[in-house]
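In: Quick check, what structure comes out for this input:
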Amino acid sequence: MLHRGHESTDGSGGGELAVPMAWLYAEYIADELLRTGELMPPTSFEFRAGRDALALTVFLSDTTGELSGIQVVSQLETWMSLTAYDQPWQHWVGERMAELAADAHAAGVPSPDLALAEAAWRWLEETELLAPDLDAVPGGAGLIGEDEGPKVWTPAWRLGLPLGHLAIHLF
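Out: I've put the predicted structure just below:
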C-alpha cells in the first residue's frame with residue numbers, strides 16, 4: 001500500500017525528498033487527542049509513550065492511506081477497540097508493520113512513513129518507564145500514599161497504550 005508520503009510535496013514524485021505525510025498526520029492526531037485529554041504534561045516521557053502508541057494505532061489502522069480530517073471522528077471507535085485493555089495490541093502492531101514492510105519491499109519503494117513508525121515502535125518496546133504497579137495487591141494500596149505505592153519498570157507501550165485509550169475516551 002502506498003501512502004501519499006511517497007510523493008514530493010508538490011506531487012511531482014521526481015526523485016525529490018519524500019515527505020512522510022501519513023505518519024506526521026497520525027502523530028498530529030495522537031498529539032491533539034492527548035493534549036485535549038490533559039492527562040499529563042506534553043514534555044513527559046509518559047506523554048510521548050501515549051502519543052507514539054496512539055500514532056501507531058492511527059497510522060496502522062489506516063488501510064487506505066487517505067485518512068482525512070472528517071474520517072477521524074468515524075475512526076475513534078475503531079481506535080478505542082484496538083487500544084482496549086483486553087486486546088493484543090502489540091501483536092497487531094507487529095503484524096501490520098510486517099504487512100506494510102512487505103508491501104513497500106514488493107513495490108521497491110522505501111517508505112518514510114514506515115521508517116518513522118518503526119522507530120516509534122522500537123522506542124516503545126525498548127524504553128522502560130517507572131510506573132505504578134497496576135497488578136499490586138489492592139489491600140496494600142490504602143496504607144501508603146499514591147506517590148509512595150509500588151512501582152515497576154515497564155515497557156513504554158504498556159504505559160502509553162492505556163493513556164492513549166483514555167485520551168480517546170475523553171475526546
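
In: residue ranges with poor pLDDT in this protein?
Out: Within the chain, the segments meeting pLDDT under 70 span 1-17, 64-71, 134-148.

In: got the contact list for the residue positioned nearest the centre of the chain?
Out: The residue lying closest to the centre of the chain (C-alpha atoms, centre = their mean) is A53, at 2.4 Å. Neighbouring residues of A53 by C-beta atoms under 8 Å, 6 or more residues apart in numbering: 30, 83, 89, 124, 157, 160-161, 163-164. Where you see a C-beta, it was placed from the backbone N, CA and C, and this is true even at glycine.

In: Taking these, tell me the two that lie furthest apart.
Out: The two members of those with the most space between them (C-beta to C-beta) are A30 and W89, at 14.1 Å.

In: between those two, which one's more packed in?
Out: Counted by other C-beta atoms under 10 Å, A30 and W89 do not tie: A30 has more neighbours, with 26 against 21.

In: my guess is the more buried one meets S61, correct?
Out: No - if you go by C-beta atoms under 8 Å, A30 and S61 don't touch, sitting 11.8 Å apart.

In: Thank you kindly, that will do.
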